[in-house]
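> Generate a structure from the sequence data that follows.
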Amino acid sequence: MKGRLAAWACLAALGLLLARSAEAAQAVRDGLALCAGSVIPALFPFLAVSGLLTALDAGASPALGPLARLLGCSRAGARAFLLGLTGSYPVGARTVAQLYRRGGISRREACRLLLFSNNCGPAFILGVAGLGCFGSLRAGVLLWGVHILAALVIALALPRQAAEPSERPGSVPARPPLVPALIAAVRDAAGTMVYICGFVVFFLVLLRVMGRVTGLSHPVLSGAVELTQGILALPHTRRGFVWAAGLLGWGGLSVHGQSAAVLSGTDLPMGPYLAAKAAHAAVSVLLAWPVSMCL
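Model prediction:
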């Protein structure tokens, strides 16, 4: 029954795209322009560097010990959290998946890290949300602070896990030489960018066509599907600031598709991750309302 419904839904979507081919084509062009102008410059360097750090097992220094204890994870997990906060969606999820595949963290820790480590980064929050939407770097800084604090609230609310070895003896692959690791990191980052841009374009087309057909174009609805379009359509008010915080915490269906793509090939579940992103959005809204008075 579900298969038939899915097939009919796909046929209906195909018919809608054919009927609205001009709008769909323009949405594809806009999506590709968005990827070339914003998404790739913001994400590709972080994807390559985070992949290189994971391959070389670098960055999990003793200096990360206090953060690891605060989050209730290993130093490698603390590194994934920091990379997720600085690199933006879906760098955090990708780093967790890479660590898990290499045996650097256990499945239990990987599942827990996914709940608070895949976050929006400063390039998007300061540039798109702060300057692009509100015309204020101060608004962007406040939004990023709310976003980080909400992620920490989620992490602290989760049950603490007992210390455990993340891998069996001899299960961690040998550290590769620098040049092959760099080549692999750039290659994998380029492949991941294809997934990311594909989801951005697909959901932008879906959003544009459905908006034209249904007449529904509220920024929160748009942002729940594709983050950038929703953020840029928000009003420049305190309420818009609160909505922005919630949308940044949720990420959007496009981001969740990107996260599912980078998690493919693992047995890490998406259900708890989606619930955690909904909780991140709710906590962000609660925190953003009093903060909005500082605008």
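
> And the next helix or strand past the helix ranked longest in the chain?
Using DSSP state H to define each element, the chain has its longest helix at helix 178-214. Later in the chain than helix 178-214, the nearest helix or strand by DSSP states H and E is helix 219-225.

> which residues are in contact with that following helix?
Residues outside helix 219-225 that contact it (C-beta atoms under 8 Å, 6 or more residues apart in numbering): 203, 206-207, 211, 229-231, 233-235, 240, 243, 246-247, 250, 252-254. Using the backbone N, CA and C atoms, a C-beta is placed for each residue, glycine as well.

> shaky segments in the stretch 51-200 of the chain?
Residue ranges of the stretch 51-200 of the chain with pLDDT under 70: 57-61, 161-175.

> hang on, the earlier thing: quick one: list the elements packing against the longest helix of the chain.
If contacts are counted by 3 or more C-beta pairs under 8 Å, 6 or more residues apart in numbering; DSSP states H and E, helix 178-214 sits against helix 2-19, helix 21-34, helix 40-55, helix 219-225, helix 227-232, helix 253-263.

> and of those, who's closest to Ala97?
helix 253-263 (5.2 Å; C-beta to C-beta).

> for Arg160, what are its contacts?
Here Arg160 is in contact with Gly72 (C-beta under 8 Å, 6+ apart).

> Nearest to the spatial middle of the protein, which residue is it?
Closest to where the C-alpha atoms of the chain average out (C-alpha atoms, centre = their mean) is Tyr89, at 2.5 Å.

> Give me the contact list for stretch 82-91.
42-43, 46-47, 50, 53, 64, 67, 92-93, 95, 117-124, 148, 151, 196, 227, 251, 255, 258-259, 261-262.

> now for the helix or strand where Arg138 lies, which elements pack on it?
Using DSSP H and E, Arg138 sits in helix 137-157. Counting contacts by 3+ C-beta pairs under 8 Å, 6+ apart, helix 137-157 packs against helix 65-71, helix 75-87, helix 107-117, helix 238-250, helix 271-291.

> Report the contact partners of the nearest residue to Pro219 once chain neighbours are set aside.
Nearest residue to Pro219, sequence neighbours excluded (C-beta to C-beta, 6 or more residues apart in numbering): Ala233, at 4.0 Å. Ala233 is in contact with 217, 219, 222-223, counting by C-beta under 8 Å, 6+ apart.

> pull the CA atoms of stretch 248-258 into PDB?
C-alpha atoms of stretch 248-258 as PDB (Å, rounded to 0.1, in the frame of the first residue of the first chain):
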ATOM      1  CA  LEU A 248      18.500  27.400  12.200                       C
ATOM      2  CA  GLY A 249      18.000  24.800  14.900                       C
ATOM      3  CA  TRP A 250      15.800  22.700  12.700                       C
ATOM      4  CA  GLY A 251      17.900  22.900   9.600                       C
ATOM      5  CA  GLY A 252      15.300  22.100   7.000                       C
ATOM      6  CA  LEU A 253      14.400  19.000   5.000                       C
ATOM      7  CA  SER A 254      17.100  19.800   2.500                       C
ATOM      8  CA  VAL A 255      19.700  19.600   5.300                       C
ATOM      9  CA  HIS A 256      18.200  16.400   6.600                       C
ATOM     10  CA  GLY A 257      18.500  14.900   3.200                       C
ATOM     11  CA  GLN A 258      22.200  15.900   3.100                       C
END
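
> quick one: which of the helices and strands packed on helix 178-214 is nearest Arg187?
helix 40-55 (9.1 Å).

> So which bits of the closest one are buried?
Residues 40, 42-44, 46-55 are the ones in helix 40-55 that count as buried (16 or more other C-beta atoms under 10 Å).

> Switch these over to TSV; also include distance to Leu156.
What follows is the buried residues of helix 40-55, written out as TSV (distance: C-beta to C-beta, whole Å):
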residue	distance to Leu156
Ile40	34
Ala42	28
Leu43	28
Phe44	32
Phe46	25
Leu47	28
Ala48	31
Val49	28
Ser50	24
Gly51	29
Leu52	30
Leu53	25
Thr54	25
Ala55	30
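
> Out of those, the closest to Ala155 would be?
Distance to Ala155 across the buried residues of helix 40-55 (C-beta to C-beta) is lowest for Ser50, with 19.1 Å.

> my guess is that closest one meets Val96, correct?
No. The criterion here is C-beta atoms under 8 Å, and Ser50 misses it with Val96 at 10.6 Å.

> and stretch 25-40, what's its mean pLDDT?
Stretch 25-40 shows an average pLDDT of 87 in the prediction.

> can you list the residues that contact that stretch?
Identification of contacts with stretch 25-40 by C-beta under 8 Å, 6+ apart yields 128, 193, 196-197, 200-202, 204-205, 207-209, 228.

> Before I go, just wanted to say thanks for your time.
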